[in-house]
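> I would like the atomic coordinates for the input below:
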Amino acid sequence: MTSSSDGLTAPYALVRFRRAGGATDAEPVLGLVAGDRVREIGPAELGAPDLNAFLAEAPASWERLRRVAEQADGTWHPLADVTLTAPVTPRQVLQTGANYRTHVIDLVAAGRAKNDPRPIEELREWAADMMDRRAREGTPYFFIGLPAAVVGDDVDLVLPSYSDQHDWELELAVVIGREAFRVAREHAMEHVAGYTIVNDITTRDLVFREDMKEIGTDWYRGKNAPGFLPTGPFLVPAPFVPNPGDLHLQLTLNGETMQDATTSDLLFDLPALISGASQNMPLLPGDLLLTGSPAGNGIVHGRMLRDGDVMVGAIEGLGAQSVRAVAETTDAPAGRMHAEAGAR
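Residues are numbered from 1 along each chain as shown. Now for the predicted structure:
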């Protein structure tokens, strides 16, 4: 597939890409996008030995790339001639649950027990009160994802055959810069290097254990199949996203809008999330912190992912990703199909 900067408003951003005509199993290289052109960058341009070391110095380190983006030498290639993949390779992926007010209210209504006597509007009002109380008095809810599930939209999303309940969850993701450990809210944003897009795919019927309901949620099985974290394609510097608390998010499925919201509906804002997540373990340069998904998931629409579906997830100023879903075939387990797709 070719690459496009449509929807990317930043003067420049980081990517990882493969050149057209190169070896299909070649490792992606780090690149700088400016407009509709891209060039490879390395330690000399970064002023650091690798991407994570560069991000550890953000936001100050971004100024080095501004000068590179302004160069007009022959090292640039048309963006349409390369294939973009996930822009980061995080050591840790932290995910935030139940963090959009409307989303949680919709989930409560969709999961209404058959013997619940309350009218649906009363149930929604109860859920709204619960969310407002949680925002006032509670703390964010975190769980961990597997970095191995992080891929670009250059590979197909293989829908594992063990379920037909695979769902989409478009999310704004924070890319950590300087290490954050037990930081206060008022200093939390100092540890943000940039932002990217993540679609947090979820297998709904595996989230809760039927064999041991007392244990609660099973996020490992529900969210960590191969390729279940399509990420990118752009890593946008934090200085170019002045108001991450009011960004428009939209996900379409085969051209039909499913999710359409803004980050202003977050129960816990970004400083609260970064501070809260850092209390237990240090957040490291290049780590991903997913901020939650807004209303409009498949479980509410009554429509889960199917073979051939195409999801386009866009976040204001961060560009867009296009992910095609394909059914797992009986002769190729999802893990092998994912590996083969990544080599295309």
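> remind me which residues of this structure are low pLDDT?
For the chain, the stretches flagged by pLDDT under 70 are 1-2, 21-25, 111, 113, 331-344.
> can I see the domain layout of it?
Using automatic domain parsing, the domain parsing of the chain gives 13-85, 93-342.
> deepest in the core, which of these is it.
Neighbour counts (mean count of other CB atoms under 10 Å) averaged over each of the domains of the chain peak at domain 93-342, with a mean of 19. Any C-beta I mention is one placed from the backbone N, CA and C, and that applies to glycine too.
> what about that one, distance to the chain center?
The chain centre lies 7 Å from the centre of domain 93-342; the measure is CA atoms, centre = their mean, to the nearest Å.
> compare the domains of the chain and give me the one nearest S5.
Ranking the domains of the chain by proximity to S5 (CB to CB) places domain 13-85 first, at 5.6 Å.
> how about the helices of the protein, start to end?
43-46, 51-55, 62-69, 101-110, 120-137, 185-188, 219-223, 270-278, 298-301, 334-342 (DSSP state H).
> same list (the domains of the chain) but as a markdown table, adding distance to S5.
Conversion of these to a markdown table gives the following (distance: least, CB to CB, whole Å):
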| stretch | distance to S5 |
| --- | --- |
| domain 13-85 | 6 |
| domain 93-342 | 6 |
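> out of those, which comes closest to D6?
Nearest of the domains of the chain to D6, taken as CB to CB: domain 93-342 at 6.4 Å.
> wait, doesn't D164 sit right on D307?
No: with contact defined as CB atoms under 8 Å, D164 does not reach D307; the gap is 10.4 Å.
> for V174, which non-adjacent residue is closest in space?
Nearest in space to V174, with sequence neighbours left out and distances taken as CB to CB, 6 or more residues apart in numbering, is L289 at 4.3 Å.
> er, R64 actually
Once flanking residues are discounted, R64 sits nearest to G47: 4.9 Å by CB to CB, 6+ apart.
> with L284 as the reference, measure out to the one you found.
From G47 over to L284 the distance is 19 Å, taken as CB to CB, to the nearest Å.
> equivalent analysis for A261, please.
For A261, the distance to L284 equals 29 Å [CB to CB].
> so which residue of this structure lies furthest out from the middle?
Most distant from the centre of the chain: P117, at 37.6 Å, with distances by CA atoms, centre = their mean.
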